[in-house]
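**Student:** sequence? don't have it. structure:
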């Protein structure tokens, strides 16, 4: 398993994601700068949470056009795995790598709290290690209200591409959607922060199975960096 | 051209005739307008501490673990293994009242800069907020604006907001308080100071461009308000947390290169105070070229450039010849950077603009020789003690408890803290709402316990006791989570010091705080004074806000209030006299704001705290809750709600004094949750240590039963506590089951 995390100006969960991945994967994670045009050879790219470019214009809109995103797109086209968390999810929708959009929370306020999630698809590369029953992972966002048109929603539902749903919807997302997959199941975007749920001291370890799932999906295929 | 120094011109610069005479004496001539502006901000109360300086000297500031006390940008304490904690609290009261979102946001930005200026990565923010009567006009707007501003800034820069306070009292109707504390972590061998040195070294400006915003913010913060002053809105600065985030990363990266000699943020009084302070501390001079300053708008005068309080700017002295390294890092982060001057050995600040010298001032007198006033004080009124036995409660204890839990001051602040990202950094071990916040030191087993405390109603009744109590409560909160209290920062918020009654409050509060700090080995390492908190002659309650920091050597030693379990015993440590004077019960249930506050016996405080710490180290304590507002009953309720279990508590020792037993606010007390098989040992240890302790009940069930009164369900307590704030904000979704 070889992984990298991208830092955009304004990313603020990049370090946390690196720390969580290194703990779960047991090996170093590369850090990539937004202005770079190439990724190192990796199996998984993480787009972290934060406020890339200050959330100016629209959340994730400017970052989606950063030089590194062309490389992320090529990585995805080759079948590489991509995990976008919070602002990373917003960047993926702005880049067109995932459908739908994330708009202002229905309550209009930023919301930070642990939320209960249902793992809606337990067969994906990101969720296979989850058992039955709800999991608790924190959210922290102002614009996490997932919207998508009716046909798009029907496709997501029909193709099993809704990875997580909220049990107590904190932001008004359609169909309680907390995380979605691309058609090949190689790209996951989610608003909750699994990297904040890998340490029992922080109250939940429910993020660990997500990283364990990716590790299992990639298996030995990645080899040593 | 000589400037005509009229009374009107001096008044606009908030300088007195005697201060003007002193300026003329220093210069040997009349100042020009740029120079007058510089004196105005440097000698403002906000920058010069002219009313408080002689009294602030009373604070103990040293301890073996103190690396740097007051006088630098922030205080520094040793936390072992080559690491230091850097922290400070600062007020942004006036701007937040005028424009709550930007006022609070820029308050966060300013205190962050004070901390990362010293080479520390900011790891936690706390906010102590004092608002007016919930029924007062604009109060909802102020609360929602301040909270959104704090969140908008802190969330974006990625520093978790982990704790604080929020209370309400009509004395703050025209003058809310927004005090923000920031804590950072640095390597002990890489702490940066603001001492300009090395003749010929370049003075480098980095960060946002300079605009016309915030001109004279420091002088605004040094005068009383009138209602008409809301028209001062244009003097409130606008924050850009995105630029601040870039500035944090760029500065920390620059510090790694070793090319920085000195660094100072441009806070209040902007370029003026940053350049003067760096030169003064270094004993050097600086030549500034204002034509090199990155400007946001054309046509700015030297006066405007020197006094602008545009946010997100830093001034640093680089090692000569290494400017290019600074330029490279700033370009990487997309920040403006320019060499705007040089360090000299003249001891003078020489400022050029458009080919002319526009100011030429001696550094030391402007920066260090500001006038110092020993302002007169009036005798303080003596509060009459309230006789607890004479209190006739109109409600029985369970009803009174529910009323207190749903009162604005004690109600849950979930509506507020859920708007803050309290988890970013993935090190927040004890989240907001449970007492002191606890943040792990990244990558280590250590953690910092953090708290903000002050009980303004005690300070109003007796400022000396109130000052002591604020320090003692902070100390107690840190002890209660298993931390060793190290040091405090403070924010002294008072009214107009030119009024002897107000000055007396300030002096007494400082003396009370100093006494407590000495007795508890809990020195003051940084702080801020905010005076003139008055509107139309009405002063706030004296509010000497304390921010405490403690160290937990190993996170395994953390004592969590939510760790209590059914079957555990409840032990009350400390003496209960049933003190109801100045209590929350008296105010909320009987509508009486009177009486003397509970006395603070610092010897007992220290003995009880040391005992609790020892018992925690011995592994006998499962959870702990200190007793504060609302006394024993409220502490029991909070403990039960944190742990999610009920409790059965013995009746009050005397039925006549029952109100005081449940709701009295005697100091130096803790509620310990102890596994049943440890209770006897702990009581024996208490007796041996000369500490009063008694078993008062057992945890279990889903209700809190106070003696022979009907049980109060956890649900009812939860509803009472969670309901008020969302309901007041006009929402119904806040209470969660």
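**Tutor:** It's in. Just so it is clear, the structure is predicted and the values come from calculations on it, not from any experiment. Residues are numbered from 1 along each chain as shown, chains lettered A, B, ... in the order given.
**Student:** from here on, contacts and neighbour counts on C-alpha atoms
**Tutor:** Noted.
**Student:** next one: the helix or strand where residue A:24 lies to chain centre, how far?
**Tutor:** Following DSSP states H and E, the helix or strand that holds residue A:24 is helix A:14-25. Distance of helix A:14-25 from the chain centroid (Cα atoms, centre = their mean, to the nearest Å) equals 13 Å.
**Student:** continuing past it, what's the next helix or strand?
**Tutor:** Using DSSP H and E, the next helix or strand after helix A:14-25 towards the C-terminus is strand A:30-33.
**Student:** Go ahead and name everything in contact with that following strand.
**Tutor:** A:3, A:4, A:5, A:6, A:7, A:8, A:39, A:40, A:68 (Cα atoms under 8 Å, 6 or more residues apart in numbering or on different chains).
**Student:** Out of those, the closest to chain B would be?
**Tutor:** residue A:8 (10.0 Å; Cα to the nearest Cα).
**Student:** separation between the spatially closest residue to that closest one that is not a sequence neighbour and chain B?
**Tutor:** Leaving aside its chain neighbours, residue A:8 sits nearest to residue A:34 (5.0 Å; criterion: Cα to Cα, 6 or more residues apart in numbering or on different chains). From residue A:34 over to chain B the distance is 11 Å, taken as Cα to the nearest Cα, to the nearest Å.
**Student:** Let me know the pLDDT of residue 14.
**Tutor:** Because you didn't say which chain, this covers chain A. pLDDT recorded at residue A:14 is 98.
**Student:** Chain B is the one I meant
**Tutor:** Residue B:14 carries a pLDDT value of 89.
**Student:** Give the next helix or strand downstream of the helix or strand of chain B at the bottom of the mean pLDDT ranking.
**Tutor:** Least confident helix or strand of chain B, by mean pLDDT, DSSP states H and E, is helix B:217-220 with a mean of 57. Following helix B:217-220 in sequence order, the next helix or strand is helix B:241-257 (DSSP H and E).
**Student:** Can you get me a residue count around residue B:4?
**Tutor:** Residues lying near residue B:4 (other Cα atoms under 10 Å in any protein chain shown) number 11.
**Student:** tell me the SS of residue B:572?
**Tutor:** strand (DSSP: H, G, I helix; E, B strand; the rest coil).
**Student:** Contact partners for it?
**Tutor:** B:669, B:670, B:671, B:672, B:693, B:694, B:695, B:696.
**Student:** And these, which is closest to chain A?
**Tutor:** Taking these together and measuring to chain A by Cα to the nearest Cα, the closest member is residue B:672, at 21.7 Å.
**Student:** what does the strand with the most length in chain A contact?
**Tutor:** Under DSSP state E, the strand in chain A containing the largest number of residues is strand A:111-119. Contacts to strand A:111-119, defined as Cα under 8 Å, 6+ apart, come from residues A:127, A:130, A:132-142, A:163-168, A:170, A:178, B:417-423.
**Student:** Sort out which of those residues are buried, if you could.
**Tutor:** Among the contacts of strand A:111-119, those scoring as buried are A:127, A:130, A:134-142, A:163-167, A:170, A:178, B:417-423 (criterion: 16 or more other Cα atoms under 10 Å in any protein chain shown).
**Student:** and chain B, which residues reach chain A?
**Tutor:** B:148, B:151, B:156-158, B:241-242, B:245-246, B:333, B:417-430 (Cα under 8 Å from any Cα of the partner chain).
**Student:** Sort out for me which of those are in helices.
**Tutor:** B:148, B:151, B:156, B:157, B:241, B:242, B:245, B:246, B:417 (DSSP state H).
**Student:** still on that earlier bit, got a list of contacts for the helix holding residue A:24?
**Tutor:** Residues from elsewhere that reach helix A:14-25 (Cα under 8 Å, 6+ apart): A:1, A:4-7, A:28-29, A:46-49, A:195-196, A:198, A:208, A:211-212, A:215, B:424-426.
**Student:** Quick check: the two most widely separated of the ones in helices among the residues of chain B next to chain A?
**Tutor:** Greatest spacing in those, by Cα to Cα: B:246 and B:417 (25.0 Å).
**Student:** Give me every residue in chain A lying close to chain B.
**Tutor:** So chain A meets chain B at A:9-10, A:12-13, A:15-16, A:50-51, A:53-54, A:109-113, A:140, A:195-196, A:201-203 (Cα under 8 Å from any Cα).
**Student:** Next, count neighbours for residue B:731.
**Tutor:** 14.
**Student:** So it, which state does it fall into?
**Tutor:** Quick answer, by three-state DSSP: residue B:731 is coil.
**Student:** Next one: it relative to residue B:725, how far apart?
**Tutor:** Separation of residue B:731 from residue B:725 (Cα to Cα, to the nearest Å): 9 Å.
**Student:** centroid residue for chain B?
**Tutor:** With distances taken as Cα atoms, centre = their mean, residue B:89 lies nearest the centre of chain B, 3.8 Å away.
**Student:** next one: phi and psi at it?
**Tutor:** phi -120, psi 150 (degrees, to the nearest 10).
**Student:** Who does it form a beta bridge with?
**Tutor:** Here residue B:89 sits in beta bridges with residue B:181, going by DSSP bridges.
**Student:** For residue B:139, see how far away it is.
**Tutor:** 24 Å.
**Student:** Repeat that for residue B:524.
**Tutor:** Taken as Cα to Cα, the span from residue B:524 to residue B:139 is 33 Å.
**Student:** Between these two, which is the more surrounded one?
**Tutor:** Neighbour count, other Cα under 10 Å: between residue B:524 and residue B:139, residue B:524 has more, with 30 against 21.
**Student:** show me what contacts that one?
**Tutor:** Residue B:524 touches B:59, B:60, B:61, B:62, B:69, B:70, B:487, B:488, B:489, B:490, B:517, counting by Cα under 8 Å, 6+ apart.
**Student:** at 10 Å instead, please
**Tutor:** By Cα atoms under 10 Å, 6 or more residues apart in numbering or on different chains, residue B:524 lies in contact with B:56, B:59-63, B:66, B:69-70, B:75, B:88, B:471, B:486-490, B:513-514, B:517-518, B:546-548.
**Student:** average pLDDT across stretch B:548-559?
**Tutor:** Mean predicted confidence for stretch B:548-559 is 97.
**Student:** If you could redo that for stretch A:26-46, that was the one I meant.
**Tutor:** Averaged across stretch A:26-46, the pLDDT comes to 97.
**Student:** Okay, now that stretch: how far is its last residue from its first?
**Tutor:** 16 Å.
**Student:** Can you give me the pLDDT of residue A:225?
**Tutor:** 35.
**Student:** Low-confidence ranges, the chain, go.
**Tutor:** With no chain named, the answer covers chain A. A:220-225 (pLDDT under 70).
**Student:** My question was about chain B, not that one.
**Tutor:** Filtered on pLDDT under 70, chain B yields the residue ranges B:1-2, B:216-235, B:389, B:732-737.
**Student:** correct me, but residue B:510 touches residue B:468?
**Tutor:** Yes. Using Cα atoms under 10 Å, residue B:510 is in contact with residue B:468, at 8.6 Å.
**Student:** Could you tell me which residues touch both of these two?
**Tutor:** Joint contacts of residue B:510 and residue B:468 (Cα under 10 Å, 6+ apart) are B:516, B:544.
**Student:** higher neighbour count, these two?
**Tutor:** Neighbour comparison, residue B:510 and residue B:468: the larger count goes to residue B:468, with 28 against 25 (by other Cα under 10 Å).
**Student:** check which helix or strand covers that one.
**Tutor:** For residue B:468, the host element (DSSP H and E) is helix B:463-479.
**Student:** Check the offset of the very next helix or strand once past that helix from the chain's centre.
**Tutor:** Next in sequence after helix B:463-479, counting helices and strands by DSSP H and E, comes strand B:484-493. With Cα atoms, centre = their mean as the basis, strand B:484-493 stands 8 Å off its chain's centre.
**Student:** In the sheet, which strands lie alongside strand B:484-493, parallel or antiparallel?
**Tutor:** strand B:524-530 (parallel), strand B:543-552 (antiparallel).
**Student:** any idea which helix or strand comes after the host helix or strand of residue B:338?
**Tutor:** Per DSSP H and E: residue B:338 is located in strand B:336-344. Sequence-wise, the next helix or strand downstream of strand B:336-344 (DSSP H and E) is strand B:348-353.
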